[in-house]
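Chemist: Predicted model and sequence follow; I will ask about them next.
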Amino acid sequence: MLEHRKPENSSDYIAILITKFLRFFADTFFSKRYGHRAVVLETVAAVPGMVAGMWIHLKCLRKMEHDRGWIKILLDEAENERMHLMTFIEIAKPNWFERALILIAQAVFWHFYFIIYIFFPRTAHRIVGYFEEEAVLSYTSYLEQVENNPDLNVDAPQIAIDYWKLKSDAKLIDVIKVVREDEKGHALVNHNLADTLDEDSSKSHIKQIELKKEEPKFESKSEKQDTSRYQQFHLDDLIFFNRVVMAPLTRNRATTKGVPTPMMAAYYEQRASAGLIIAEATQISQQGQGYYCTPGIYSEAQTEGWKKVVDAVHARGGKISLQLWHVGRISHNEFQPNQGQPVAPSAIKANSQVFISSGLTDVSEPRSLMGYEIPLIVEEYRQAAVNAKKAGFDMVEIHGANGYLIDQFLRDSTNVRADDYGGSIKNRTRFLLEIVDAISTIYPPNRIGCRIGPSSEFNDIRDSDPQTLFNFIAEQLGQKGLGYIHVIEGQTGGDRNNSVFDYNTIYQNFKMHGGIASMANNGYDKHLSEKTTVDLVAFGVPFIANPDLVYRLEHDLPLTDADKDTFYGGAEKGYTDYPFYSKD
């Protein structure tokens with residue numbers, strides 16, 4: 001049973017007394033009429049998030065550089081509570097007189113809470129934290145009543161099925177469970193906010209909101225939800241089936257012209273049960289290609305090919321992102337325009353190999369990009385985003401890892417430029433941030449992700465101070481308001497414990513400065529994915545041989561082993577012929 005957070009001072013005790021009074025009111029007038037009591041609870045609960053979000057928004061506009069995610073979290077909470085209210089109105093079916101009372105009660109409480117929030121913001125958030133804890137207790141009692149009386153377990157309203165992506169035959173019990181988990185998360189959010197606010201009495205009229213030294217760890221979901229990979233996830237306005245992501249996997253099944261094939265559409269459609277599919281790395285230009293038969297997104301034929309893939313995934317209800325890619329120096333003359341040299345921030349050849357038409361070979365000697373060429377590549381990223389949007393992709397991901405062009409600009413072992421794109425960390429990050437800004441003119445920031453590999457040395461890449469570098473990058477990407485940061489933990493496709501690196505700081509910096517979600521990758525299995533606190537976990541190789549990977553993970557079913565000989569290139573074998581789970 002959930003217990004109240006222990007009060008720490010007089011304002012906390014006042015908050016819990018107000019909360020107890022509200023609970024007493026609901027219990028007294030509605031007793032065991034849990035449906036109507038839920039309406040009352042949600043009538044009250046729908047107000048604080050709106051008030052707090054509005055007020056903090058005004059404060060941020062006036063005196064803060066950024067809102068550290070407060071506005072979004074609180075307004076999301078308000079919307080979530082509004083859906084609770086609409087759901088239980090459908091269930092309780094109050095008459096028109098009762099509906100009028102609901103509107104009056106909401107208006108009265110709005111003014112009451114707004115006054116409290118102006119003068120005592122910490123107390124206001126503490127009230128909500130305790131109130132949400134009371135709501136959890138109330139919903140637990142409601143759940144027990146329904147479980148003991150099957151006649152009360154009516155069908156879930158369609159509004160609840162649509163909002164929480166419940167099964168079509170969901171019942172009231174299913175609704176109560178998800179709402180109760182929502183309330184646990186709301187309690188945690190408001191207690192964390194209360195811990196962070198000081199009520200400074202130095203001003204004579206309105207007490208100021210000041211940040212303490214320690215920032216809160218905002219979590220919009222309860223601990224149970226944070227550790228479950230199989231519940232839906234809201235990435236701002238995008239709703240994923242679950243928190244399991246299919247990582248981008250190069251499979252070399254496009255045509256020699258970089259056009260996606262029907263076989264690729266079938267492959268991705270089979271895996272549409274993933275919360276999000278990140279399609280394989282896709283070159284933004286001919287210059288950006290580094291491997292044989294990888295897809296592009298710079299021609300009309302390529303765009304049309306990808307549209308067929310996207311349509312197939314969307315037909316299954318899935319979500320799909322396209323990873324935008326320029327390999328830089330990890331290429332060969334065979335792929336380059338007029339068989340020229342691959343490009344790089346500096347003319348330093350990598351100790352690496354690529355697949356060309358005749359097989360595996362060393363990369364070619366690169367040349368250093370001229371200053372005027374860099375904005376041209378940024379524009380190619382923007383145009384690639386235009387084409388991705390034409391194809392219907394829900395999002396795009398910027399590939400900033402694995403030793404490719406963006407990563408080459410970021411690291412001091414591969415970037416020794418003396419202009420505005422080299423030298424300091426700020427300069428070396430400039431190229432990436434310009435790309436983000438360019439793509440943000442096509443996709444809103446919340447529909448853009450970025451992949452980084454802070455400690456990976458894949459493709460002969462390294463940095464003298466990766467922690468400082470990627471802490472800065474995470475902060476900058478967060479300030480851009482990106483949808484997610486996708487972090488390869490450890491060596492790409494290898495040891496995830498190859499170095500002492502603080503990945504949590506990366507995730508925290510990103511979200512603290514305005515980024516929406518954290519995504520981890522590399523070597524995750526069921527146990528590790530359910531233990532981590534990141535929002536999303538990306539699986540690579542397991543998805544190759546298990547198109548129904550999410551179902552298998554959720555139900556502890558055995559996984560099929562992938563045939564490594566068919567990873568790169570070929571036909572349907574080892575690509576679309578892996579079976580779905582069957583008991584037979």
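Modeler: On my side now, so go ahead.

Chemist: Count the residues that sit near residue 537.
Modeler: Using other C-beta atoms under 10 Å, the number of residues around residue 537 comes to 23. C-beta here means a position set from N, CA and C on the backbone, and glycine is covered the same way.

Chemist: and it, what does it touch?
Modeler: Counting by C-beta atoms under 8 Å, 6 or more residues apart in numbering, residue 537 makes contact with 229, 243-245, 519-521, 524, 529.

Chemist: for the nearest residue to it once chain neighbours are set aside, what are its contacts?
Modeler: The shortest distance from residue 537 to any non-neighbouring residue, by C-beta to C-beta, 6 or more residues apart in numbering, is to residue 529 (4.3 Å). If you count contacts by C-beta under 8 Å, 6+ apart, residue 529 has them with 229, 244, 537, 539, 553.

Chemist: Then residue 364?
Modeler: 331-333, 336, 341-342, 349.

Chemist: Find the least confident helix or strand in this structure, judged by mean pLDDT.
Modeler: strand 208-211 (a mean of 37; mean pLDDT, DSSP states H and E).

Chemist: Give me the subset of the contacts of residue 364 that lies in strands.
Modeler: Secondary structure defined by DSSP state E assigns none of the contacts of residue 364 to strands.

Chemist: List buried residues within those.
Modeler: Buried members of the contacts of residue 364, scored by 16 or more other C-beta atoms under 10 Å, are 331-332, 336, 341-342.

Chemist: Could you dump those into TSV and include pLDDT and distance to residue 129?
Modeler: Converted to TSV, the buried ones among the contacts of residue 364 look like this (pLDDT from 0 to 100; distance: C-beta to C-beta, whole Å):
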residue	pLDDT	distance to residue 129
331	98	55
332	98	59
336	97	59
341	98	61
342	98	56
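
Chemist: Longest strand in the protein, please.
Modeler: strand 276-283.

Chemist: for the record, mean pLDDT for that one?
Modeler: In this model, strand 276-283 has an average pLDDT of 98.

Chemist: just stretch 560-568 next, same as before
Modeler: 95.

Chemist: follow-up on the earlier one: most neighbours among the contacts of residue 537, please name it.
Modeler: residue 245 (30 neighbours).

Chemist: What score does that one have for pLDDT?
Modeler: Predicted confidence (pLDDT) for residue 245: 97.

Chemist: Contacts only, for it.
Modeler: 274-278, 519, 536-539.

Chemist: same check, this time on residue 374
Modeler: 421, 431.

Chemist: List the contacts of the spatially most central residue of the chain.
Modeler: Residue closest to the mean C-alpha point of the chain, counted by C-alpha atoms, centre = their mean, is residue 517 at 3.4 Å. The contact partners of residue 517, by C-beta under 8 Å, 6+ apart, come to 233, 235, 483-485, 511, 535-536.

Chemist: switch the cut-off to 7 Å
Modeler: For residue 517, the contact set (C-beta atoms under 7 Å, 6 or more residues apart in numbering) comprises 235, 483-484, 535-536.

Chemist: could you dump the residues you listed to CSV with secondary structure and neighbour count?
Modeler: Shown next, in CSV, are the contacts of residue 517 (DSSP: H, G, I helix; E, B strand; the rest coil; neighbours: other C-beta atoms under 10 Å):
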residue, secondary structure, neighbour count
235, strand, 22
483, coil, 27
484, strand, 29
535, coil, 23
536, strand, 24
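
Chemist: thinking again about what came up before, any chance of TSV for the buried ones among the contacts of residue 364, columns distance to residue 259?
Modeler: Output for the buried ones among the contacts of residue 364, formatted as TSV (distance: C-beta to C-beta, whole Å):
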residue	distance to residue 259
331	19
332	20
336	19
341	26
342	22
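
Chemist: Pick out whichever of those residues sits closest to residue 132.
Modeler: residue 331 (54.2 Å; C-beta to C-beta).

Chemist: returning to what we had before: which one of the contacts of residue 529 is nearest residue 258?
Modeler: Nearest to residue 258 among the contacts of residue 529, with distances taken as C-beta to C-beta, is residue 539, at 25.8 Å.

Chemist: Fine, thanks again, bye for now.
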